[in-house]
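Visitor: Could you look at this predicted model? Sequence included:
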Amino acid sequence: MVKHSYRDGIWYTDGEIPITIPDQNSTVKETPDPQQVFQKQKIAAGRRAWTLLHNYRGCDPQWVELWEYFIPAGGCGCKEGYKAIIKDQPFDYSSPEKFFESGVVLHNAVNQKLIDQGDSTKKIITLEEAKEIWNRKE
């Protein structure tokens, strides 16, 4: 049996998927497909993790330990893929510039894996392109 809860004006299923209860002035809307919701949440979480990494201006291994909690986990393979890549291509903590470069190498390795799996939206970028995107000036 599916349980429902009401918070902040929204009904939720026990899986935390919002549902719509129509009133007299609205039409019935379908409950979103849980797989589509999961995919969108995974993409958003991944973007947040990359943004944190590329905007970080230091080179502290403890910061990376905290950052790793932002990598999506739970069936998507993101965290497992990260751990495999980082074994072969670890972060360089010798300077903030080298750390940033390590982050770009990591991001490109993840994108290459996704490209190999058929994701045509991903691309490999140069360090110079990454510096422009993330506003890094030396």
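Guide: Alright, I've got the coordinates.
Visitor: Now do the helices in this protein.
Guide: 34-55, 61-67, 78-88, 96-116, 127-133 (DSSP state H).
Visitor: by contact count, what packs against the first one?
Guide: Using 3 or more Cβ pairs under 8 Å, 6 or more residues apart in numbering; DSSP states H and E, the elements in contact with helix 34-55 are helix 61-67, helix 96-116. In this view, the C-beta of every residue, glycine as well, is placed from N, C-alpha and C.
Visitor: and the last one with helix 78-88, angle?
Guide: Between helix 96-116 and helix 78-88, the angle formed by their directions is 120 degrees, by axes from the mean of the first three to the mean of the last three Cα atoms, to 10 degrees.
Visitor: quick one: contacts of helix 96-116?
Guide: By Cβ atoms under 8 Å, 6 or more residues apart in numbering, the surrounding residues in contact with helix 96-116 are 50, 53-54, 56-59, 81-82, 85-86, 89-93, 122-125, 127, 130-131, 134, 136, 138.
Visitor: Report the buried members of those residues.
Guide: 50, 53, 54, 56, 59, 82, 85, 91, 130, 131, 134, 136 (16 or more other Cβ atoms under 10 Å).
Visitor: Isn't the second one up against residue 67?
Guide: Yes. Under the criterion of Cβ atoms under 8 Å, residue 53 is in contact with residue 67, at a separation of 6.1 Å.
Visitor: So this protein: which segments form each domain?
Guide: Domains of the chain are assigned by automatic domain parsing as 1-31, 34-133.
Visitor: which stretch in the ones you listed is the model least sure about?
Guide: Among these, domain 1-31 carries the lowest mean pLDDT, a mean of 57.
Visitor: Report the contact partners of the residue nearest the centre of the chain.
Guide: The centroid of the chain falls nearest to residue 46 when counting by Cα atoms, centre = their mean (0.5 Å). Counting by Cβ under 8 Å, 6+ apart, residue 46 touches 71, 72, 78.
Visitor: ok, 10 Å please
Guide: 70, 71, 72, 76, 78, 110 (Cβ atoms under 10 Å, 6 or more residues apart in numbering).
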